[in-house]
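1. Here is a sequence together with a model predicted from it:
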Amino acid sequence: MKILTPDADGLMEAAMILRRGGIGIVPTETVYGLACDATSATGVASIYRAKGRPADNPLIHHAANMDMVQQIADCSHPAVKSLAETFWPGPLTLVLPARSTVLPEAIAGGSTVAVRIPAHPMMRHLISLTFKPLAAPSANLSGQLSPTSLEQIDPKLADQVEFALDGGPCTIGIESTIFDLTGEIPTVVRTGHVTPARLRALLGGQIEVRRHDEGGTPGSYAQHYAPRTPLYWTDSLGELPGIGFQKPRHANQIRLPKKPEPYAEGLYRALFTADCWGVERLYVERPPQSQAWMAIRDRLERAVTKASGLE
Ligand code: TXA
Ligand code: MG
């Protein structure tokens, strides 16, 4: 893997690699992505192979602007315009009917496509230089934590890609909210920085939130986003190794902020760091029950060891 400097030359080199069907690691404001030209069968096959991703789990498409979104997806749903105006570029992914131009392998043979316009300027610039939508799942091996900086990339994944673009630490820190507009009732199928309350406030009508363990979204398996070290809930860390809200008592404790946005920004980095300590068990203090913490609780619920009996 070649680390490309994110200047004009580096971005152009990345775009050329993508245009000939290569794959590379790219920054977004949520988490780092493993990108290919979404219209390249070679590129898409390489992504599934590199991640070890099941073929029934479709890929999010990233567009540079609304014209590109229209080329991929049917945007006639009345909510699309206001959602796009309010949240794009940004961490909201919309599931819409796919146009026939979309590569079937990139959407697991389905009839819908998940699409977003990312806020990270480097990513949008790269898409514009490639002239193609970029399919980009999170840049982790299937089932592992999503990386929020380049040092969190698994060497086994790095070995299989041609380049990585360093866009610095991700500012949002958890994956985008996924909002499905293809059913009768608009449904949040993955929670994220854009909360159901904000979507409800904008759209006015009824929306649903599907819990991650109710299934339905391919790839939203209950155990996901997990560190290798077994992770358990605790009400208070005390002397235990792990992640909490209090001032650390020793080296194997990390304090995260008491506000959900900065907590989310630091969460995967904290889990990654804690996973490197080599301790037998890790603990995480329960975050508050309010809706603002929903996406964080969702990620942690997937990361904690299900056999803990402590839930
Ligand atoms: O923030 C993000 O969304 C990051 C960055 C890189 O953009 N990407 C990301 O991709 O998290 P991934 O592949 O790790 O997660 C995408 C999720 C998967 O659970 C997949 O099943 C779901 O989106 N998805 C993709 N296409 C879909 C579709 N047509 N309908 C429903 N869910 C879909
Ligand atoms: Mg992922």
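-> Ah, there it is. Numbering: from 1, shown residues only. Ligands and ions are numbered 1, 2, ... in the order given.

2. which ones are touching the residue nearest to the spatial centre of the chain?
-> In the chain, the centroid-proximal residue (CA atoms, centre = their mean) is residue 175; its distance is 2.9 Å. Going by CB atoms under 8 Å, 6 or more residues apart in numbering, residue 175 touches 30-31, 91, 138, 146, 190, 192. Where you see a C-beta, it was placed from the backbone N, CA and C, and this is true even at glycine.

3. just residue 297 next, same as before
-> 287, 289.

4. Check residue 153 too.
-> Residue 153 neighbours (CB under 8 Å, 6+ apart): 25, 32, 139, 147, 164.

5. Let's see that with 10 Å instead.
-> 1, 25, 32, 34, 139-141, 147, 161, 164 (CB atoms under 10 Å, 6 or more residues apart in numbering).

6. buried ones in the longest helix anywhere in the chain?
-> Ordering each helix of the chain by length in residues (DSSP state H) puts helix 260-275 first. By 16 or more other CB atoms under 10 Å, the buried positions in helix 260-275 come out as 260, 263-275.

7. possible to save these as CSV with pLDDT?
-> CSV is the format used below for the buried residues of helix 260-275 (pLDDT from 0 to 100):
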residue, pLDDT
260, 98
263, 98
264, 98
265, 98
266, 98
267, 98
268, 97
269, 97
270, 98
271, 97
272, 96
273, 97
274, 97
275, 96
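
8. got these as CSV, with distance to residue 179 columns?
-> Shown next, in CSV, are the buried residues of helix 260-275 (distance: CB to CB, whole Å):
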residue, distance to residue 179
260, 19
263, 22
264, 18
265, 21
266, 25
267, 21
268, 22
269, 26
270, 27
271, 26
272, 28
273, 31
274, 31
275, 31
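
9. Strands of the stretch 1-150 of the chain, start to end?
-> 2-4, 24-26, 33-37, 61-62, 92-97, 112-116, 134-135 (DSSP state E, counting those that start in this stretch).

10. Now do the third one: distance to the chain's middle.
-> Looking back up the chat, that one is strand 33-37. Averaging C-alpha positions (CA atoms, centre = their mean, to the nearest Å) puts strand 33-37 12 Å from its chain's average.

11. again, but for the second one
-> For strand 24-26, the distance from its own C-alpha centre to the chain's C-alpha centre is 13 Å (CA atoms, centre = their mean).

12. Let's have the strands of the stretch 1-150 of the chain in CSV, adding distance to ligand 1.
-> Shown next, in CSV, are these (distance: least, CB to the nearest ligand atom, whole Å):
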stretch, distance to ligand 1
strand 2-4, 17
strand 24-26, 8
strand 33-37, 3
strand 61-62, 6
strand 92-97, 4
strand 112-116, 3
strand 134-135, 9
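
13. now those as JSON lines including mean neighbour count, distance to residue 252 and mean pLDDT?
-> Shown next, in JSON lines, are the strands of the stretch 1-150 of the chain (neighbours: other CB atoms under 10 Å; distance: least, CB to CB, whole Å; pLDDT from 0 to 100):
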{"stretch": "strand 2-4", "mean neighbour count": "15", "distance to residue 252": "30", "mean pLDDT": "95"}
{"stretch": "strand 24-26", "mean neighbour count": "27", "distance to residue 252": "29", "mean pLDDT": "98"}
{"stretch": "strand 33-37", "mean neighbour count": "28", "distance to residue 252": "31", "mean pLDDT": "98"}
{"stretch": "strand 61-62", "mean neighbour count": "28", "distance to residue 252": "37", "mean pLDDT": "98"}
{"stretch": "strand 92-97", "mean neighbour count": "23", "distance to residue 252": "35", "mean pLDDT": "98"}
{"stretch": "strand 112-116", "mean neighbour count": "25", "distance to residue 252": "37", "mean pLDDT": "98"}
{"stretch": "strand 134-135", "mean neighbour count": "28", "distance to residue 252": "38", "mean pLDDT": "98"}
